[in-house]
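> what follows is a predicted protein model with its sequence.
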Protein chains: 2
Amino acid sequence: MLDRSLGISQKIGLPVNLKRILVRDPNKPRDAVFPSGLITTNPEDVLADPSIQIVVEVIGGTEPAAQYLRDALSCGKHVVTANKEAMAKFGPELLDLARKNRVNLLFEASVGGGIPIVGSLMSQLLANDIQSIRGIINGTTNYILTRMAYEHTDFHQALAEAQQQGFAEADPTNDVEGFDAVYKLSILASLAFHQRVSPDDIYRQGITNLQPQDFRYAQELGYAIKSLAVATLERGDIRGRVYPALIPADHMLAKVDGVYNAVEVTGSLCGQVLFHGRGAGRGPTTSAVLGDLIDIGRRLHSNEPPVSVTESGHAFRVQPIDELETQYYLRLNIADQAGVLAQIAKILGDRRISIASVLQKDTFPEEQRAELVITTHPARDASVQEALRLVADLDVVNEVSNMLRIEG
Amino acid sequence: MLDRSLGISQKIGLPVNLKRILVRDPNKPRDAVFPSGLITTNPEDVLADPSIQIVVEVIGGTEPAAQYLRDALSCGKHVVTANKEAMAKFGPELLDLARKNRVNLLFEASVGGGIPIVGSLMSQLLANDIQSIRGIINGTTNYILTRMAYEHTDFHQALAEAQQQGFAEADPTNDVEGFDAVYKLSILASLAFHQRVSPDDIYRQGITNLQPQDFRYAQELGYAIKSLAVATLERGDIRGRVYPALIPADHMLAKVDGVYNAVEVTGSLCGQVLFHGRGAGRGPTTSAVLGDLIDIGRRLHSNEPPVSVTESGHAFRVQPIDELETQYYLRLNIADQAGVLAQIAKILGDRRISIASVLQKDTFPEEQRAELVITTHPARDASVQEALRLVADLDVVNEVSNMLRIEG
């Protein structure tokens, strides 16, 4: 920092004292050296100390973090949390506890790292009826997909690189299977639509099934492949989904590369607003946590009541993926012989699934097998799923290798 | 709006009553029909009415708007304004008046339309030391430059189209000469660096001098041309500038097209965060104005004191453009004969301006004239200006047709 930079205390207008640091293992090596007595392993040292007004929770996961959050709020402490899983699973309960105890519960760092998307939905964009949220909100998967797109590596190689770079954990399930993005989308959609959208209401598909040729075909067709988190509110129905999807190559979201995140909000007044930045890491998380801390500090300074999350009291229906209508990308491994396309086209046509484009690649001539890539016009998801079950049963089809949605 | 959408009152938690609408011409046709008695031409009907708590100013310009703003704040009314010129020119005075009268003065709509950049700098990103702001913050010029880049039209044709589309005013000076962007950058830089950056401190160059071939050459060299607003704080020096600049074609800002705006903030913690959206128009402006109105309404609801703009109390030095160090794009109209480049290169070299690339195009063979496009490595602005004066005096140089900065 510059010598002349403003400290947190100056930005708040009140001194800020770091009172306690609760850790699991006090002997773990740490970058910073703290005065003795600051580090503790006993949560009561925080919860029972009436001089502690604000608790910052950056433990992550639900246990014991969620219980600490409940306890801190119940003790009348303001809370800043970076915990997406706890906010997604227990957000309504925790926000209710905050309201009852007249304290703030802020969670900017839970989604999008340094991108101020949570606060914008809670404040600057609040006048809008939000129609949709579309985002790339998991840096790990976006790094992997970017490597697969530009370096033509396969999934496992790209994952190994992400792990080497520290962008993926040893057990990558949470990221590559879409759980992390589902938690984040649950938080964003709940704020945007003023009603709880539970993680269980969000369709989830991971990226482990993507093959290098999917990226080649997508590119040939004018698309990029991104793991998208999408929530829409249309005619009273909410839809939420996290899945790898094709997106037109000239769309801003298609250009979000590496560990960057982006969120596009479509509102009744603002139109499309896109936020782009680093979605994780020490700096961005610190930016978000300290931003919330300053916000609470200023309210303390002036005896302001807490920030409120607006709830509509309406219950929009949450639609399952089956009712989605979108375009599809299908990759099939077929017998390289005449009449195959006709059989497949008939199954699709019978279910009112209209073909938009067909690419046939004689990828495996020695085995008399070929790869067939079909894109469709908008169709109902349940119909496509049913059609693919029938297509997979055809003698001339070796495998339905992939099915991806196309986001317009 | 959806039937079940939340109204402003619900979002605030208090009823909102529209009390008065001050206009210049009560007989002007309007889209909305208001109850009789609401429209007035007398400012005292607003200022002297103690039941009016919040004033929204969307008049624009400095007179009479700035005086109305002063009067409203002095009367203890909260103010929401979309007035970039008044905020850029009189911001410190108006914010001071607001502080003294313990009222809010919010101005999200003054920059970037529906993009929540003002609030983000005042709140969510506040923990950062901001190092730079770079943006495309004038939709009119971006529309014109986008037409020139993609349709190869010249400036006057593109301007006429912008006027037909309602994206440019009959007198386009404010936009095409960069005044509008200078006002907006003054507001953003003042917020980012916690010190006043006056419009007079910002270097300004319009887009009227750009020719279709500049876009062709830029493209050939791997750049787009955008009217950029840039403010940086480096080693205690603030620099501000609004000018057409070359920017690498793969940079996010190069992909901001048409009337869209974008602002990229680089902070000590968050890294680069980019905001992209519609920078003007009825919807986006309404989104920003109502967002501020809800914010103030919530504070009224809970007797919260006003939002504060943090000032550092430090005075960073504001540097003139002469001290800028960047790369340059030079387009020269020269005599098509041997030895010309050597003469030009000598003048540049003597001033430690190192050439990065040279394109020579025999554009006017019948007249034995050619076009020479030179890009340089980073050099001092004053040196480049001096060199170009000497180059222009060479017998073999017909004209220095253009000089544009390259933003990395």
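Right, received. Where do you want to start? Source: prediction; values computed, not measured.
> residue contacts, the closest residue to A:A98 other than its chain neighbours?
The shortest distance from A:A98 to any non-neighbouring residue, by C-beta to C-beta, 6 or more residues apart in numbering or on different chains, is to A:L105 (3.9 Å). Placement of C-beta: from N, CA and C, glycine included. Applying C-beta atoms under 8 Å, 6 or more residues apart in numbering or on different chains, we find A:L105 in contact with A:69, A:73, A:78-79, A:81, A:94-95, A:97-98, A:306.
> out of those residues, which sit inside strands?
Counting by DSSP state E, these place A:78-79, A:81 in strands.
> including distance to chain B, could those go into TSV?
TSV is the format used below for these (distance: C-beta to the nearest C-beta, whole Å):
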residue	distance to chain B
A:H78	15
A:V79	17
A:T81	15
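> if we can go back for a sec, any idea how far the residue nearest to A:A98 is from A:L95?
For A:L105, the distance to A:L95 under the criterion C-beta to C-beta, to the nearest Å works out to 6 Å.
> before we move on, what about A:Q219?
The value you get for A:Q219 to A:L95, if C-beta to C-beta is used, is 43 Å.
> tell me if I'm right that A:I374 and A:I344 touch.
Yes - proximity of A:I374 to A:I344 meets the contact threshold set by C-beta atoms under 8 Å, at 7.4 Å.
> identify the contacts common to these two.
Shared between the contact lists of A:I374 and A:I344 (criterion: C-beta under 8 Å, 6+ apart) are residues A:L332.
> A:Q219 and A:L95: which is more packed in?
Summary of the neighbour comparison: A:Q219 and A:L95, criterion other C-beta atoms under 10 Å in any protein chain shown, with A:L95 having more neighbours (20 against 13).
> what sits against A:L47?
Contacts were defined as C-beta under 8 Å, 6+ apart; by that measure A:L47 touches A:68, A:71-72, A:75, A:77.
> most neighbours among these, which one?
By neighbour count, taken as other C-beta under 10 Å, the most surrounded of the contacts of A:L47 turns out to be A:A72 (27 neighbours).
> from what I can see it touches A:T81, true?
No - distance between A:A72 and A:T81: 9.3 Å, which falls outside the contact criterion (C-beta under 8 Å).
> inside helices: which ones of the contacts of A:L105?
Judged by DSSP state H, the subset of these located in helices is A:69, A:73, A:94-95, A:97-98.
> chain B contacts on the stretch 51-200 of chain A?
For the stretch 51-200 of chain A, the contact set with chain B under C-beta under 8 Å from any C-beta of the partner chain comprises A:108, A:113-116, A:119-120, A:123-129, A:194.
> in the longest helix along chain A, what's buried?
Under DSSP H, the helix in chain A containing the largest number of residues is helix A:282-301. By neighbour count with 16 or more other C-beta atoms under 10 Å in any protein chain shown, helix A:282-301 contains the buried residues A:283-300.
> report the entries of those that also contact chain B.
Filtering the buried residues of helix A:282-301 for proximity to chain B by C-beta under 8 Å from any C-beta leaves A:283-284, A:286-291, A:293-295, A:298-299.
> kindly reformat those residues as CSV containing pLDDT.
Supplementary listing: those in CSV, determined by pLDDT from 0 to 100:
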residue, pLDDT
A:G283, 95
A:P284, 96
A:T286, 95
A:S287, 96
A:A288, 97
A:V289, 96
A:L290, 95
A:G291, 95
A:L293, 95
A:I294, 93
A:D295, 91
A:R298, 86
A:R299, 83
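> re earlier: which among the contacts of A:L47 gets closest to A:L14?
Compare each of the contacts of A:L47 with A:L14 using C-beta to C-beta and the shortest gap goes to A:K77, at 16.1 Å.
> if I look at the most far-flung residue of chain A relative to its centre, what pLDDT would I see?
Computed with C-alpha atoms, centre = their mean, the residue of chain A farthest from its C-alpha average is A:A338, at 43.5 Å. pLDDT recorded at A:A338 is 87.
> look at it and tell me its secondary structure.
The three-state label for A:A338, taken from DSSP: H, G, I helix; E, B strand; the rest coil, comes out as coil.
> next up, the contacts around A:C75.
Taking C-beta under 8 Å, 6+ apart as the definition of contact, the neighbours of A:C75 are A:47-48, A:101.
> quick one: the helices in chain A?
The residue ranges that make up the helices of chain A, judged by DSSP H, are A:8-12, A:44-47, A:65-74, A:84-100, A:117-122, A:139-151, A:155-164, A:173-176, A:179-193, A:212-220, A:282-301, A:340-350, A:381-393.
> export those as TSV, with columns for distance to A:A32.
Converted to TSV, these look like this (distance: least, C-beta to C-beta, whole Å):
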stretch	distance to A:A32
helix A:8-12	15
helix A:44-47	18
helix A:65-74	21
helix A:84-100	25
helix A:117-122	27
helix A:139-151	24
helix A:155-164	26
helix A:173-176	27
helix A:179-193	27
helix A:212-220	42
helix A:282-301	12
helix A:340-350	60
helix A:381-393	50
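> mean pLDDT for the ones you listed: which is lowest?
Mean pLDDT across the helices of chain A is lowest at helix A:8-12; the value there is a mean of 83.
> so for that one, what gets flagged as buried?
Burial within helix A:8-12, assessed by neighbour count using 16+ other C-beta under 10 Å, is assigned to A:10-12.
> out of those residues, which comes closest to B:Y143?
For the buried residues of helix A:8-12, the minimum distance to B:Y143 (C-beta to C-beta) is 37.5 Å, reached by A:K11.
> would you agree the closest one is in contact with A:I294?
Yes - between A:K11 and A:I294 a contact is recorded at 5.1 Å, counting by C-beta under 8 Å.
> intersection of neighbour lists for these two?
Common neighbours of A:K11 and A:I294 (criterion: C-beta under 8 Å, 6+ apart): B:126-127.
> for burial, what's the neighbour tally of A:T208?
A:T208 has 16 nearby residues by other C-beta under 10 Å.
> how about it, phi and psi?
Here the main-chain torsion angles of A:T208 (degrees, to the nearest 10) amount to phi -70, psi -20.
> per-residue pLDDT, it?
Predicted confidence (pLDDT) at A:T208: the value is 97.
> quick one: contacts for it?
The neighbourhood of A:T208, defined by C-beta under 8 Å, 6+ apart, consists of A:155, A:176-177.
> now do 6 Å
Contacts for A:T208 were tallied using C-beta atoms under 6 Å, 6 or more residues apart in numbering or on different chains; they are A:V176.
> give me the distance between it and A:H152.
Going from A:T208 to A:H152 by C-beta to C-beta gives 17 Å.
> again, but for A:E367
The span separating A:E367 from A:H152 equals 22 Å under the rule C-beta to C-beta.
> pull the number of nearby residues for A:Y217.
Residues within reach of A:Y217, counting by other C-beta under 10 Å, total 21.
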